[in-house]
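Colleague: Quick one: sequence and predicted model below, then my questions.
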Amino acid sequence: MDAPPAVASAATASAPVTTPLGRGVAILPAYNEERTIGPVLEGIRKAAPSFDIVVVDDGSRDRTREVARALGAVVLRPPFNMGYGA
C-alpha cells in the first residue's frame, strides 16, 4: 500500500512559488489602496526579492498608482473600473 501524500507545513505552504530560475511575478489588484499598498509591496519584496511586482490599479481615485510606482512596481490601469471581474 502506498504511503499517503505528505502534507505541506504552514511554512512551505506560504513560501513563494518560483520558477526554476528563481524569478516570478506577483500580481496585485488594487483599488484605493494608497495607505496600504506600501506595506504590502514591502512584504512581497522581503518574502520574494527576485519577483517582479505588477499592480493592476482598477481606477483608484487616490494615489495608489503613484505610491506603487514610487516603490518600484509596474502599474497597469484599465480604461475604467472593472470591479471584481478584472
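Modeller: Structure's in. What do you need?
Colleague: wait, doesn't residue 40 sit right on residue 28?
Modeller: Yes - in this structure, residue 40 is within contact of residue 28 by C-beta atoms under 8 Å, at 6.8 Å. Backbone N, C-alpha and C define where each C-beta goes, glycine included.
Colleague: And the helices in the chain?
Modeller: Ranges of helices within the chain are 10-13, 37-47, 64-70, based on DSSP state H.
Colleague: do you know which of those helices lies nearest residue 55?
Modeller: Distances from residue 55 to each of the helices of the chain were compared using C-beta to C-beta; the minimum, 4.3 Å, belongs to helix 64-70.
Colleague: Which strands or helices does that closest one pack on?
Modeller: Based on contacts counted as 3 or more C-beta pairs under 8 Å, 6 or more residues apart in numbering; DSSP states H and E, the elements that helix 64-70 packs against are helix 37-47, strand 52-57, strand 74-76.
Colleague: any idea which of the helices of the chain scores lowest on pLDDT?
Modeller: Looking over the helices of the chain, mean pLDDT reaches its minimum on helix 10-13, with a mean of 40.
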